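[1] need a 3D model of the following:
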Amino acid sequence: MSDPSVTRQILLTLVDLSVKTAVFAAAAELLLRLVDGRDTRLRHAAWVAVLCGMLALPLSLFFPGFALRLPAVPLAAEIPAPAPARLAASPAPPAEPASAPAYSPAPVRTSAAAVRQPAPAAPAAPAAARAS
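    Numbers count the residues shown, from 1 in each chain. Take a look at the predicted model:
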């Protein structure tokens, strides 16, 4: 049996090349759609270029790679928080008028049954009071 690390490296290389060829083909398809590639000569030339590029991709394994160095971006946890702003001595807010209540009354909640029932009738006045 072969070494598992070698097998893993070969598999990773094949996956890498497969992803690159798929991206290459998708980019060509998108480009043809953007330029309205109805011309058969244009489509043929584009797909021949894609095929040649796909066949040339494995050759890139024999050339040294290069590292692209990007500036480091600090994480949000590494950025210090700004100091809180100190307010200048400001006058106190104006007090509420004395006539205003110090509290707001809570809304009265009643059940639907209590709302639908008619209010009780006021007692009838005595007959003697009506006559006078």
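
[2] quick one: least confident helix or strand in the chain?
    Across the helices and strands of the chain, mean pLDDT, DSSP states H and E gives its lowest value to helix 112-116, namely a mean of 52.

[3] which stretches of this protein form helices?
    Applying DSSP state H to the chain gives helices spanning 4-34, 40-56, 112-116, 127-131.

[4] would you single out the least confident of those helices?
    Least confident of the helices of the chain, judged by mean pLDDT, is helix 112-116 with a mean of 52.

[5] and of the helices of the chain, who's closest to Leu70?
    For Leu70, the closest of those is helix 4-34, at 20.3 Å, according to Cβ to Cβ. To be clear about C-beta, it is placed using only N, CA and C from the backbone, and glycine gets the same treatment.

[6] and that closest one, what other elements does it pack with?
    Using 3 or more Cβ pairs under 8 Å, 6 or more residues apart in numbering; DSSP states H and E, the elements in contact with helix 4-34 are helix 40-56.

[7] which helices and strands does the helix it packs on pack with?
    If contacts are counted by 3+ Cβ pairs under 8 Å, 6+ apart, helix 40-56 sits against helix 4-34.

[8] list the buried residues in the helix it packs on.
    Thr21, Phe24, Ala28, Leu32 (16 or more other Cβ atoms under 10 Å).
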